[in-house]
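Q: requesting a structural model of the entry that follows:
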Amino acid sequence: MQSKAWLFEQRQATLWNNTSRGGQRGHFWFAGENPPTIRNRGELPRAAFDNSAMIHYYVGDTGSDSLKLEISDPAGKYSRTVRLDPQKGIHRYLWDLQFDAVPYTSDQKQAIEAMFADLLARYPMNAVAAGVYELSLRTGGFEGTYFLNDGSQEWKRPFGPGGMSRGRRQWLDGGRSR
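A: Residues are numbered from 1 along each chain as shown. The predicted structure is shown next:
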């Protein structure tokens, strides 16, 4: 081949349908290998799988260290741009049958923002209320507790001098025991 790069005539891609009738039918000894365009998502022989299309191409002496392939629908509305191996030789690329995301229009953005605003109004986030919160740190044989006050309430430590161990008191007072 004298060409710098070449896309071969491609085989027809098959979109396999991932269905199950439920249960296991027969023994796995009688199951065949999936074609290289099928990638299992799990370890089980009958796990869900991902379809792909096999694209073959040749790279000659391009003098470049980058090679891009653009895949688009016939109308040119959707496309996918991928970087390919620029080394000399015949290569195979498995396209996952996905296009690049299309930017939202301003109307679509407004609709999405309204939907999220509605969801947040119905299901508010679990933000904490103003107050005092206990922090506990535990590791090995050590346990330390401290109280976090956001300043909205007056409070006193909920334990007296006899209410916590010497180790906890040292940790709370920065090592200064009383």
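Q: do you know the pLDDT at residue 52?
A: As predicted, residue 52 sits at a pLDDT of 90.
Q: distance of the spatially most central residue of the chain from residue 95?
A: Most central residue of the chain, judged by C-alpha distance to the mean C-alpha position with CA atoms, centre = their mean, is residue 41 at 14.5 Å. Counting by CB to CB, to the nearest Å, the separation of residue 41 from residue 95 is 17 Å. In short, each C-beta sits where N, CA and C put it, glycine included.
Q: hmm, back to that, OK, contacts around the residue nearest to the residue nearest to the centre of the chain when sequence neighbours are not counted?
A: If the residues on either side of it in the chain are set aside, residue 41 comes closest to residue 48, at 4.7 Å by CB to CB, 6 or more residues apart in numbering. By CB atoms under 8 Å, 6 or more residues apart in numbering, residue 48 lies in contact with 18, 40, 41, 42.
Q: of these, closest to residue 78?
A: Out of the contacts of residue 48, the one with the shortest distance to residue 78 is residue 18. That distance is 22.3 Å, counting by CB to CB.
Q: mind listing the strands for the chain?
A: Ranges of strands in the chain, per DSSP state E, are 5-7, 38-40, 49-51, 53-59, 68-72, 79-83, 89-95, 132-139, 142-149.
Q: what's the second one in contact with?
A: Contacts to strand 38-40, defined as CB under 8 Å, 6+ apart, come from residues 16, 34, 47, 48, 49, 50, 51, 52, 94.
Q: now do that strand, average pLDDT.
A: 82.
Q: now tabulate the contacts of strand 38-40 in CSV and tack on distance to residue 104.
A: Formatted as CSV, the entries for the contacts of strand 38-40 read as follows, by distance: CB to CB, whole Å:
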residue, distance to residue 104
16, 31
34, 36
47, 34
48, 29
49, 30
50, 26
51, 26
52, 27
94, 29
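Q: which of these sit farthest apart?
A: Among these, the pair separated by the greatest distance (CB to CB) is 47 and 94, which sit 18.0 Å apart.
Q: show me which of those two is the more surrounded one.
A: residue 94 (15 against 11; other CB atoms under 10 Å).
Q: with adjacent residues omitted, what lies nearest to that one?
A: Setting aside the residues directly before and after it, residue 94 is nearest to residue 52 in space (CB to CB, 6+ apart), at 4.3 Å.
Q: enumerate every residue touching that neighbour.
A: 37, 38, 39, 94, 95, 96, 97.
Q: out of the strands of the chain, nearest to residue 106?
A: In terms of CB to CB, the element of the strands of the chain nearest to residue 106 is strand 79-83, at 21.6 Å.
Q: many thanks, we can stop here.
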